[in-house]
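Student: Predicted coordinates and the sequence they were generated for:
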Amino acid sequence: MTRSLAVRLALLAPPLAFFALFFAYPVAAIVGRGLRADGAWRFGAAGEVLTDPDLAGVLWFTCWQAAASTALTLALALPGAYVFARLDFPGKRLLHAVVAVPFVLPTVVVGAAFLALLGRGGLLDELWGVRLDNTVWAILLAHVFFNYAVVVRTVGGLWAQLDPRQEEAARVLGAGRFAAWRRVTLPALAPALAAAGLLVFLFTFTSFGVVQILGGPRYATLEVEIYRQTAQLLDLPTAAVLTLLQFAAVAALLVVHGRLVRRREGTLALRDPATTAHRPTGRAQWALLGGVLTVIGALLVLPLAVLVERSLSTPDGYGLTHYRALTGTESGTLAVAPWEAVGTSLRYAAVATVIALLVGGLAAVALTRRGRGPLRGVDALLMLPLGTSAVTVGFGFLIALDEPPLDLRSSWLLVPLAQALVGAPFVVRALLPVLRAVDDRLRQAAAVLGASPWRAWREVDLPLARRALLVAAGFAFAVSLGEFGATVFIARADSPTLPVAVARLLGRPGELNYGQAMALSTVLMLVCAVTLLALERLRPARSTEML
């Protein structure tokens, strides 16, 4: 074993141990509970479930809507990625932070907001008599709402670093604008595009809240069916089979994605984004900027505005009644004042972000160098939590982590661990394309000058990946704030997170409960916007530093 491989394996040991203990073990525990009875395996249950004709319809819709959502998101968000990467305009940093806000909102809140826009008595119904609730279009638009930021930040983060002079040289040699972009920029963006497309597909493939609320009884994904079998019918064998089916589909997707990315990744010429962005010039760029702002306003800002309007609306007019009620327990829905969920969520998210950065950062550094052998495919393996049922993970935590030395059911750390499990893959996906794009000759030059491997990484890789690290931290924090699927099963009654508190308030009738849910959602939205704006301001401004 070479020294380099030994170092990489040592770096990978903590991430692999983390995923083994808090992902593989809980999932295996609940699947085993469902497929075992009286000490014997019940594999016959798998045949019964897989031959059910209703399952074929669920699987087809799951794949179809995920593919359509991914294509629509890429089509609408790629122009936004270019605008944020290459154009400089007033309010850019604020808008960049606002774009990421929808990604952290609980799905139950987004479903309610889109119903207010697209359902009976909604904005479209009032203006034009058009209703889109219980249709595929409502689901697709809500998925774009969620995942627009994934494409803008993942693709735009790398696009902002690409040297525009390469594309300009192609144009000088006679290539048209589109031909130069297709032959020079697009191949360089391929790893980031593949990563963004993978993330969007995984999130829409496992979509639960959006489909449950906006699709009605007509549409169901595998995730919705797993929840129904587990929480409503208590049919663990069927839920276990569906979980394995979803797991196998996601694993196959990750294998294909890994092969495509390895074929396309290469060393890139990276520059400081401050030197690549410029003021819009010409009618085409101004028109593009206007189109992107229109899309952001219609698909992202308008649903968020509905949340704010609902939080201020009372039977007596507009006011702060629902916000004042957050400090008390008058509704009786929560064991604590709803306002306490804000502090709880911030503490949990901060701890989860630290864990995700440590786990994902070590994994990204270890996987920077591509190659064959024992580490091949590990980066795809680390993405599996994003494609596994959150319901399965939540129940798995309760079943598996109940005995010493892993008896964590009464520990506050259980929630940040579940949140970090989802945040760590974002760290890996954000850092890996940038680290792999660093010219290896820079590391070799540092080694020739006497730098140790640690100092070479600190002096070469870290400055180049600093902005990607901030993007990763922002995504990890945002995901932790909005994580709901697993947290709803493990959060203690006296320490609910914001999404859990919102869901419990929405699940109880009454105007006060609904108003408080909208108020808490608005608070979550503002906290996320402020956090992401702060990260935008922290990025290096010196042109001698990358990102």
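Tutor: Okay, I see it.
Student: C-alpha only now, for contacts and for neighbours.
Tutor: Will do.
Student: Tell me which residues touch residue 397, please.
Tutor: Residue 397 sits next to 22, 26, 409, 490 when contact means CA atoms under 8 Å, 6 or more residues apart in numbering.
Student: mind running it again at 7 Å?
Tutor: residue 26 (CA atoms under 7 Å, 6 or more residues apart in numbering).
Student: and after the host helix or strand of it, which helix or strand comes next?
Tutor: Here residue 397, judged by DSSP states H and E, is contained in helix 390-400. As assigned by DSSP H and E, the chain's next helix or strand after helix 390-400 is helix 414-437.
Student: surely residue 326 meets residue 517?
Tutor: No - look at residue 326 against residue 517 with CA atoms under 7 Å: they stay out of range, at 9.3 Å.
Student: The two: which has the busier surroundings?
Tutor: More crowded of residue 326 and residue 517, by other CA atoms under 10 Å: residue 517, with 29 against 23.
Student: Spatially nearest residue to the more buried one, not counting backbone neighbours?
Tutor: Closest residue to residue 517 apart from its sequence neighbours, by CA to CA, 6 or more residues apart in numbering: residue 502 at 4.8 Å.
Student: How about the contacts made by that neighbour?
Tutor: By CA under 7 Å, 6+ apart, the neighbours of residue 502 are 517, 520, 521.
Student: Just give me the closest of the residues you listed to residue 205.
Tutor: If you rank these by distance to residue 205 using CA to CA, residue 521 comes first, at 24.7 Å.
Student: Can you name the helix or strand that that closest one falls in?
Tutor: helix 511-538.
Student: Check which helices and strands that helix sits against.
Tutor: Applying 3 or more CA pairs under 7 Å, 6 or more residues apart in numbering; DSSP states H and E, we find helix 511-538 packed against helix 92-100, helix 302-312, helix 321-324, helix 466-482, helix 498-506.
Student: Could you rerun that using 6 Å?
Tutor: Contacts defined by 3 or more CA pairs under 6 Å, 6 or more residues apart in numbering; DSSP states H and E place helix 511-538 against helix 92-100, helix 302-312, helix 321-324, helix 498-506.
Student: And the next helix or strand past the longest one?
Tutor: Toward the C-terminal end, the helix or strand that comes next after helix 302-312 (DSSP H and E) is strand 313-314.
Student: I'd like to know how many residues surround the nearest residue to residue 531 once chain neighbours are set aside.
Tutor: Among residues not flanking residue 531 along the chain, residue 474 sits closest, at 7.6 Å (CA to CA, 6+ apart). Residue 474 has 25 neighbours, counted by other CA under 10 Å.
Student: related to what we said a few turns ago, report the rounded mean pLDDT for the helix holding residue 397.
Tutor: Average pLDDT, helix 390-400: 80.
Student: show me the contacts for residue 192.
Tutor: Listed by CA atoms under 6 Å, 6 or more residues apart in numbering, the contact partners of residue 192 are residue 155.
Student: And residue 196, by the same measure?
Tutor: Residues near residue 196 by CA under 6 Å, 6+ apart: residue 151.
Student: Return the set of buried residues in the helix or strand hosting it.
Tutor: Using DSSP H and E, residue 196 falls within helix 186-205. Of the residues in helix 186-205, those buried by neighbour count under the rule 16 or more other CA atoms under 10 Å are 188-205.
Student: most tightly surrounded among the helices and strands packed on helix 511-538?
Tutor: Comparing the helices and strands packed on helix 511-538 by mean neighbour count (mean count of other CA atoms under 10 Å), helix 498-506 ranks first with a mean of 24.
Student: Using PDB, write out every CA atom in that helix.
Tutor: Extracted in PDB, the C-alpha atoms of helix 498-506 (Å, rounded to 0.1, in the frame of the first residue of the first chain):
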ATOM      1  CA  LEU A 498     -38.900  25.000  13.500                       C
ATOM      2  CA  PRO A 499     -40.100  22.600  10.800                       C
ATOM      3  CA  VAL A 500     -41.500  20.200  13.400                       C
ATOM      4  CA  ALA A 501     -43.300  23.000  15.200                       C
ATOM      5  CA  VAL A 502     -44.700  24.300  12.000                       C
ATOM      6  CA  ALA A 503     -46.000  20.800  11.000                       C
ATOM      7  CA  ARG A 504     -47.600  20.300  14.400                       C
ATOM      8  CA  LEU A 505     -49.300  23.700  14.300                       C
ATOM      9  CA  LEU A 506     -50.600  23.100  10.700                       C
END
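Student: Could you tell me which ranges of the stretch 401-547 of the chain sit under the pLDDT cut-off?
Tutor: Counting by pLDDT under 70, the stretch 401-547 of the chain shows low-confidence ranges at 439-444, 446, 448-449, 451-454, 456-459, 461-462, 532-533, 535-547.
Student: Now with 90, please.
Tutor: Counting by pLDDT under 90, the stretch 401-547 of the chain has low-confidence residues at 401-414, 422-423, 425-547.
Student: could you pull out the strands for this structure?
Tutor: 36-37, 40-41, 313-314, 317-318 (DSSP state E).
Student: Strand partners (parallel or antiparallel) of the third one?
Tutor: So that's strand 313-314. Looking at strand 313-314 with DSSP bridges, its partner strands are strand 317-318 (antiparallel).
Student: Give me the contact list for the strand it pairs with.
Tutor: Residues outside strand 317-318 that contact it (CA under 6 Å, 6+ apart) are residue 312.
Student: now do stretch 63-79
Tutor: 140, 144, 148, 200, 201, 204, 205.
Student: give me that answer again for 8 Å
Tutor: With contact meaning CA under 8 Å, 6+ apart, stretch 63-79 is reached by 136, 140-141, 143-144, 147-149, 151-152, 155, 197, 200-202, 204-205, 288, 292, 295.
Student: Just the buried positions in that stretch, please.
Tutor: 63, 65-74, 76-79.
Student: And for stretch 143-157?
Tutor: For stretch 143-157, using 16+ other CA under 10 Å, the buried residues are 143-157.
Student: Now intersect those with the helices, please.
Tutor: Counting by DSSP state H, the part of the buried residues of stretch 143-157 found in helices is 143-157.
Student: quick check, distance from stretch 425-437 to the centre of its chain.
Tutor: Relative to its parent chain, stretch 425-437 has a centroid offset of 14 Å by CA atoms, centre = their mean, to the nearest Å.
Student: CA atoms only for stretch 217-235 - export them in PDB, please.
Tutor: The C-alpha trace of stretch 217-235 is given here as PDB (Å, rounded to 0.1, in the frame of the first residue of the first chain):
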ATOM      1  CA  PRO A 217     -54.800  10.900  -3.600                       C
ATOM      2  CA  ARG A 218     -54.100  10.700  -7.400                       C
ATOM      3  CA  TYR A 219     -50.300  10.800  -7.200                       C
ATOM      4  CA  ALA A 220     -47.800   9.000  -5.000                       C
ATOM      5  CA  THR A 221     -44.100   8.600  -5.000                       C
ATOM      6  CA  LEU A 222     -42.200   5.700  -3.400                       C
ATOM      7  CA  GLU A 223     -41.500   8.000  -0.400                       C
ATOM      8  CA  VAL A 224     -45.200   8.700   0.100                       C
ATOM      9  CA  GLU A 225     -46.100   5.000  -0.200                       C
ATOM     10  CA  ILE A 226     -43.300   4.100   2.400                       C
ATOM     11  CA  TYR A 227     -44.800   6.700   4.800                       C
ATOM     12  CA  ARG A 228     -48.300   5.300   4.300                       C
ATOM     13  CA  GLN A 229     -47.300   1.700   4.800                       C
ATOM     14  CA  THR A 230     -45.100   2.600   7.900                       C
ATOM     15  CA  ALA A 231     -47.000   5.400   9.800                       C
ATOM     16  CA  GLN A 232     -50.600   4.700   8.700                       C
ATOM     17  CA  LEU A 233     -50.900   1.000   8.000                       C
ATOM     18  CA  LEU A 234     -48.000  -0.200  10.200                       C
ATOM     19  CA  ASP A 235     -47.000  -2.600   7.400                       C
END
